[in-house]
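> sequence-free structure coming up:
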């Protein structure tokens, strides 16, 4: 694999820019076996994941990334660990979050096989 | 695999109880290809990982777990995502942390192939 940190940075930039500008376009990053655990709620499949992501209780938001860690996984994929802040539109205070992705290579690109998101309450 | 959440809970209990009572015993949970990224510093191999974990700037500590999420991975392993608080001995304030493990099955048990740790600063 190319430099894991570089791949993780490019993926993270793409993911959060898409999330913040056109959330409905995130669906193509998942497949039918993908799993999302969002604040402890688990859903499986690109359709169900997109439904979850587009029904969050805010219309627009901004992500600010604090750290991105990356490691190759034993399956030839990539584990990406992101910490940062999420600022929903109209909220005064940003919410700290941690998120983990497991990416599997497909051709020259990746799909998200695992996605786990947690807010880190102060 | 058995219920992923149950396995993740059992692993997490074992890992943090060992960390807080006999940190040097954690080495047997890693293997030579295991990778640890601790606050952005990456080390590989059970020996280097144990060296890192046993040279942290506190002798004793307590972990308090807030959440444990688990998902099966495409390699037949388990992704475990833990958030909680770390209280080093002699410190007044607990440190919030997030940690991800990828576990690979070996016989009836698991080894840690990937370990990523970050403090979540307020």
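Cool, the structure landed. Bear in mind the structure is a predicted one, so any value in this text is a computation, not a measurement.
> Report all helices and strands that the longest helix along chain A contacts.
Longest helix in chain A by number of residues, with DSSP state H as the criterion: helix A:4-21. On a contact count with 3 or more Cβ pairs under 8 Å, 6 or more residues apart in numbering or on different chains; DSSP states H and E, helix A:4-21 meets strand A:61-72, strand A:78-88, strand A:95-106. C-beta: built from backbone N, CA, C; applies to glycine.
> The residue of chain A most remote from its centre: what secondary structure?
Going by Cα atoms, centre = their mean, the residue of chain A most distant from its centre is residue A:92, 23.0 Å out. For residue A:92, the assignment made with DSSP: H, G, I helix; E, B strand; the rest coil gives coil.
> partner residues bridging residue A:104?
Beta bridges link residue A:104 to residue A:111, judged by DSSP bridges.
> follow-up on the earlier one: for my notes, please list the helices and strands packed on helix A:4-21 in a markdown table and give mean pLDDT for each entry.
Converted to a markdown table, the helices and strands packed on helix A:4-21 look like this (pLDDT from 0 to 100):
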| stretch | mean pLDDT |
| --- | --- |
| strand A:61-72 | 97 |
| strand A:78-88 | 97 |
| strand A:95-106 | 96 |
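> Those into a markdown table, with extra columns for mean neighbour count?
Formatted as a markdown table, these follow (neighbours: other Cβ atoms under 10 Å in any protein chain shown):
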| stretch | mean neighbour count |
| --- | --- |
| strand A:61-72 | 17 |
| strand A:78-88 | 21 |
| strand A:95-106 | 21 |
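> Out of the ones you listed, flag the one nearest residue B:6.
strand A:95-106 (20.0 Å; Cβ to Cβ).
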